[in-house]
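Asks: Okay, sequence plus prediction incoming.
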Amino acid sequence: MIPVCRIEDLPEGESVRVEAGDVTAAIAVFHTDGAFYAIDDMCSHQDASLSEGWLEGCYVECPLHAALFDLRSGEPTCLPARKPVRTHAVTVVDGMLYVHPVVRSVPGEPVHAAPEEAVA
């Protein structure tokens, strides 16, 4: 579980980049449509930070080539991106926002996500 910020510090329509250290790549956290979403920060098409993209409802547009990703599923909705980005569970505890990153896996080993009961 990675602390992000207090919920009042991430206004509606904004995003923040969180470094996840050894656990996974950087994560982009978004506040939109009254909810918080977390996805891998790097566009799956080419190296560009999605936290710097344009937010439209539950979609973020990559600032480099305008690929559009659904924050709920990580799926791209148009070219040039073809591969999804990973989504991560988000929880709020006592007004503090936390991300539960999907852990990088070693080839052949399962990927470990946050426990189901921790997802808000």
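Replies: Nice, thanks for sending it over. Numbers count the residues shown, from 1 in each chain.
Asks: Show the contacting residues for the nearest residue in space to His65 that is not next to it in sequence.
Replies: Closest residue to His65 apart from its sequence neighbours, by Cβ to Cβ, 6 or more residues apart in numbering: Pro80 at 5.2 Å. Where C-beta positions appear, they are placed from N, C-alpha and C, glycine not excepted. Counting by Cβ atoms under 8 Å, 6 or more residues apart in numbering, Pro80 touches His45, Gln46, His65, Ala67.
Asks: residues in contact with the residue nearest to the last one when sequence neighbours are not counted?
Replies: To tie it back to what came earlier, the one meant is Ala67. Sequence neighbours aside, Ala81 is the residue nearest to Ala67 in space, at 3.5 Å (criterion: Cβ to Cβ, 6+ apart). Counting by Cβ under 8 Å, 6+ apart, Ala81 makes contact with Cys43, Ser44, His45, Cys62, His65, Ala67, Leu68, Phe69.
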